[in-house]
Structures are given as C-alpha cells and as structure tokens.
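Undergrad: got a sequence here, can you build the structure:
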Amino acid sequence: MPVPRRDLEQTRKQILAWLPSKLRAATGIEVSELTGPGATGFSSDTLMFDLRYEEDGRPQHHALVLRTEPAAVGVFPEYDIDLQYRVMHALGNAGIPMPRLLWKETDRAVIGSPFYVMERIEGRIPPDSPPYHGQGWMTEISTAERASIWWSGLEVLARIHALDWKALDVLPAPKPGTTPLGEQLAFYRRFLGWAAQGGSYPASEAGLAWLERNRPSGVEPTSLCWGDSRLGNMIFREGKCVAVLDWEMVTLGNPAEDVAWWLFFDEHHSTGCGLPRLAGLPGREESVARYEQWAGRRLVHLDYYDVFAAFRFSVIMIRVASLLGDTGILPADSDFGSNNICTRLLMEKLERAGG
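TA: All right, here's what the predicted structure looks like:
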C-alpha cells in the first residue's frame, strides 16, 4: 500500500553525488530516474535505478536497487538497515540465493536515512496485490511450474534454518532467563500497544492472550528465522528461487514460526480472499512432510505458530490501517484495523484451538 513521500529526484541527485566515493576509478557517472512500487511504501523504501559510467575506457552498466528506511512513517517501531545488510551478506556467503550487495551507508546525511545498494536480480515475484491466486503471471503458468516455484522456495527456507545461527554471528543469543519466543512475545506486546494508540483491537488482544497462556513448555529448536517467509519475498526464474528478499523481520526462533508464516500467507491470499488455491501448489500436509524431509527433523508446535502468524500480521495491519487513515486513504471511522482478512482468520484459528 505505497504512498509517495520521498523526493525521488532529490534522492537521485544525492546518490549521484555520493557514488564517486565508491567508484574512484569511474568517470562520467550517470544515475537514471529512480523508480519504485508507486514511489515508496510504508515499510522500507525500495528504489530501483540504472547506473552507467566508464572505467579504464570501458562502458559499465548496472541495474541496481537501493534499500533504505522509510522516509517518514513506517509500519514497524524501528528499523535496522545495518542488520538487514549483515544478514544478507552472511546468508549469501553461506550459499543462500541473495542479490549481490555492493555498498552500505550508515551516514544519514547522504539521503536522510541509512541505506544499502545491491544488484537487481532478473526474475518474477508472485504478487501480493492483487494476490497471486487471483490475478497475474502465476495464474498463467503451468501447474508444474507452480509446483516447482513452491518447492524451490520452501527448500530454500529449509536451507536457511539448517545454518548454524551462532556461526552466522548476526543476531545475539537470547538474554539470560528468556527464550527467542519469550523475547518475540514481549516485542509484539510492545508493538501492539504502540500501533493501537489506546484503541481496542479484540482479535489481536485475544490472540496475544492465547499465545501467552499456551506458550510451549521446554526447550524449542532455535534457528535463524527469516520472519517474513513467503512467496512474495522471493524472485523466481524458470521455476527456481534466485533471490530471497526483505529481512526486516529477521529473528531467532523455532523454524516452525517461518513455516507457519509461509502457510498463513498462502491461506490469506487464497481462501482468506475468497479465492480457490491455484492448481499445482502443494497443500499443507504435503508441504510440511517435504520440509521435514529436507530439514531432517520434525516441526514442533506448528499449531501454536499458526496462531502466532495470524496474530503478528494482525498487529501489522493495525499499524497499516493507522497509516492509511493518516494519509486519507481510509476514512476516519474505518474499522479496517480490527476487521480485515487477517483478523477473521485469527479468530477462526483461535476458535479451532479452543481460544
């Protein structure tokens, strides 16, 4: 749900002035017009441009992407562009398909916020709006290619979870006396209070209460979790995942958290929207079984993380609704923050769980 905020021409000029410090041997540096998803969005800004210059008398051309904090308001209480860069760098070195990272800039004076620049990967991304089950290129390909896309994405997710998070050294271990889940529940409790701004959101509040009452006991498996694991954050080419994007929600946790989010988003984009699932996309049981085969271990507490996925997205939607109201896209009396596809799915899951 993008809204134009950043002055794209000013940003282009700022990037053009900054690049000579990174391309010391280059001459004739040119930066094309910046483009993005309807300018920029409520989450991290993603801007695309073409870079041209000469080096040692040879013309160079690179298709690039600039990723930065939101220019003004944002969905999340805080953003850590440096963490996203370090995670992508570490995972790329570990063999996970990532865009090639070029530069990171932490000085806010350059364009007003920290950012990094990476190569632009050719391929296609299953759309969120309209959802890929209803319109777009996913509806036009063969069932075999759809299955290949699903399995390729899920297999990459299993590979991420198989990595040694301690060796990656990008996220600190949980504080003494707590767990990854405990820290996440505390974060989303704060997030809910911040997003709600004193308002009442029954579905989200019921979800949090259920999650706190039903926390799994004992020690859970811990992996680096992507946090926003879904088809819409992957680039595909010829049925294969060639890049994993968007690491704003990266965390430590039970791998079931990522698998549940993967399944929930597909549910949201299909039956949640009143759409039949596309033929060729594997179902829940088959997907879980294949993931467990790749991972070499069973997923534990998946039903719990199903509720956690719906709850987390419901909190995000509260914030999105608030931002849409602030920009005039939604009327002041809209109940979208408390009554949307996500909250309805959350209440259904709570009812099935005896919530």
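
Undergrad: domain ranges for the chain?
TA: Listed by automatic domain parsing, the domain ranges of the chain are 8-119, 137-352.

Undergrad: looking at those, which is closest to residue 131?
TA: With Cβ to Cβ as the criterion, residue 131 lies closest to domain 137-352 of the domains of the chain, at 3.6 Å. No exception for glycine: its C-beta is placed from N, CA and C like everyone else's.

Undergrad: mind listing the helices for the stretch 201-350 of the chain?
TA: Under the criterion DSSP state H, counting those that start in this stretch, helices of the stretch 201-350 of the chain are mapped to 202-213, 255-269, 284-295, 302-326, 341-352.

Undergrad: tabulate the domains of the chain (JSON lines), appending distance to residue 125.
TA: Conversion of the domains of the chain to JSON lines gives the following (distance: least, Cβ to Cβ, whole Å):
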{"stretch": "domain 8-119", "distance to residue 125": "11"}
{"stretch": "domain 137-352", "distance to residue 125": "6"}
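
Undergrad: out of those, indicate the one that is most buried.
TA: Highest mean neighbour count among these (mean count of other Cβ atoms under 10 Å): domain 137-352, with a mean of 18.

Undergrad: from the chain's centroid, how far away is it?
TA: Chain-centre distance of domain 137-352: 9 Å, with Cα atoms, centre = their mean, to the nearest Å.

Undergrad: one step back: quick one, which of the helices of the stretch 201-350 of the chain is nearest to residue 35?
TA: Closest to residue 35 of the helices of the stretch 201-350 of the chain is helix 302-326 (Cβ to Cβ; 21.9 Å).

Undergrad: now the strands for the stretch 151-300 of the chain?
TA: For the stretch 151-300 of the chain, strands defined by DSSP state E, counting those that start in this stretch occupy the ranges 223-225, 234-237, 240-244, 251-253.

Undergrad: what's the longest one packed up against?
TA: If I follow you right, that is strand 240-244. helix 143-162, strand 234-237 (3 or more Cβ pairs under 8 Å, 6 or more residues apart in numbering; DSSP states H and E).

Undergrad: rerun at 10 Å
TA: With contacts taken as 3 or more Cβ pairs under 10 Å, 6 or more residues apart in numbering; DSSP states H and E, strand 240-244 sits against helix 81-93, helix 143-162, strand 234-237.

Undergrad: residue 113 versus the closest residue to residue 31 other than its chain neighbours, what's the distance?
TA: If the residues on either side of it in the chain are set aside, residue 31 comes closest to residue 16, at 4.6 Å by Cβ to Cβ, 6 or more residues apart in numbering. With distances taken as Cβ to Cβ, to the nearest Å, residue 16 is found 17 Å from residue 113.
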